[in-house]
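# here's my sequence, what's the structure:
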Amino acid sequence: MGFGCNAAGVVGCRIIDSPRERMIAVLTNSFVPCNGRFPAMIAVISMFFVSGISSQLQSVTAALILLAIVVWGVMMTFLFSRLLSKTILKGEPSSFALELPPYRRPQFISVIIRSIFDRTLFVLLRAILIAAPAGLLIWCLANINFYEQTLIAYLTTFLDPVAQIIGLDGVILLAFILGFPANEIVIPLMLMIYLSGNNLIAIEDLSVLKTLLVDNGWTWVTAICFLLFSLMHWPCSTTCLTIKKETGSWKWVGWAILLPFLSGFLCCFLFAQSMRLLGLA
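This next block holds a predicted model:
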């Protein structure tokens, strides 16, 4: 379920009887990319890794690269599940028994009402509670000037040294941070900052988008680091609030943020530094 929405995946963990194993599933759910991350990942793959090959092979190549990224995320899920089960969530593994419930005719009205009010509207409300203040914050950062520079420009300059270590730049890292309410706005935020705009920008033409990114220092190494960090970074605000509701503790929200962030930072760092040592970046 996390491939559709990590928040829905966290809610889906309710079916796991063991509290320990349910917590492991909750904490590792965001290692799989959700629908909010797929468009940006597909766009970067299309621009930097398949644009130079024949049109007949572009779709297949893009699909294989995306599949490799997804498989890497699943492998990281297994790895951290193992680590958690040996450290902070030690315990005996539970047995698995699949019992089929008695078949009954579905009550359509009840199912629709429960799905809309207990799940859909509840998740949307959480998203709105974060999205509105975050939108105001982004507007203020992009429009308030201090010594002839916007606040967002100062933040990108401040973050740039850290971002360079992991193969990114200050704009990309800040876009991920400000994209906490929703992963869908990471690329629009990057474009807004690169173009020194004051509102979110979308460019539909991938060739124009690639030219803009290359002009701002993007290489194939940057693209791979972007894909890795997009796969492994903190979950969105809705997922964090859902984890808080399901676990009842902000401590587990902190772990859910820390685990993917540290793994993404480490993977990007190792890849970027390796390419620099080999003279490929």
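
# what segments of this structure are strands?
Per DSSP state E, the chain carries strands over the ranges 145-146, 149-150.

# against which helices or strands is the first one packed?
Helices and strands in packing contact with strand 145-146 are not found; criterion 3 or more Cβ pairs under 8 Å, 6 or more residues apart in numbering; DSSP states H and E. The C-beta positions use only the backbone N, C-alpha and C, and glycine is treated the same way.

# cool, and the last one?
With contacts defined as 3+ Cβ pairs under 8 Å, 6+ apart, the packing partners of strand 149-150 are helix 121-143.

# keeping just the C-alphas, turn the helix it packs on into PDB.
Below are the C-alpha coordinates for helix 121-143, written out as PDB (Å, rounded to 0.1, in the frame of the first residue of the first chain):
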ATOM      1  CA  LEU A 121     -11.300  12.900   4.800                       C
ATOM      2  CA  PHE A 122      -9.200  12.200   7.800                       C
ATOM      3  CA  VAL A 123      -6.000  11.900   5.800                       C
ATOM      4  CA  LEU A 124      -7.000  15.000   3.700                       C
ATOM      5  CA  LEU A 125      -7.500  17.000   6.900                       C
ATOM      6  CA  ARG A 126      -4.100  16.100   8.100                       C
ATOM      7  CA  ALA A 127      -2.600  17.200   4.800                       C
ATOM      8  CA  ILE A 128      -4.400  20.600   4.900                       C
ATOM      9  CA  LEU A 129      -3.300  21.200   8.500                       C
ATOM     10  CA  ILE A 130       0.300  21.100   7.300                       C
ATOM     11  CA  ALA A 131       0.000  22.400   3.700                       C
ATOM     12  CA  ALA A 132      -1.600  25.700   4.600                       C
ATOM     13  CA  PRO A 133       1.100  26.900   7.100                       C
ATOM     14  CA  ALA A 134       3.800  25.400   4.800                       C
ATOM     15  CA  GLY A 135       2.500  27.300   1.800                       C
ATOM     16  CA  LEU A 136       2.600  30.500   3.800                       C
ATOM     17  CA  LEU A 137       6.200  29.800   4.900                       C
ATOM     18  CA  ILE A 138       7.300  29.100   1.300                       C
ATOM     19  CA  TRP A 139       5.700  32.400   0.200                       C
ATOM     20  CA  CYS A 140       7.400  34.400   2.900                       C
ATOM     21  CA  LEU A 141      10.800  32.800   2.200                       C
ATOM     22  CA  ALA A 142      10.500  33.600  -1.500                       C
ATOM     23  CA  ASN A 143       9.100  37.100  -1.200                       C
END
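
# what's in contact with it?
The contact list for helix 121-143, computed with Cβ atoms under 8 Å, 6 or more residues apart in numbering, reads 5, 7-8, 150-152, 155, 178, 180-182, 189, 192-193, 197-200, 237-238, 241-242.

# quick one: the helices in the protein?
Per DSSP state H, the chain carries helices over the ranges 6-12, 19-28, 38-48, 55-86, 108-114, 121-143, 151-165, 170-178, 186-194, 206-215, 220-231, 237-247, 250-277.

# buried ones only from the contacts of helix 121-143, please, as a PyMOL command.
A single PyMOL command is used to select the members of those judged buried by 16 or more other Cβ atoms under 10 Å:
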select buried, resi 5+7+8+150+152+155+178+180+181+189+192+193+237+238+241+242
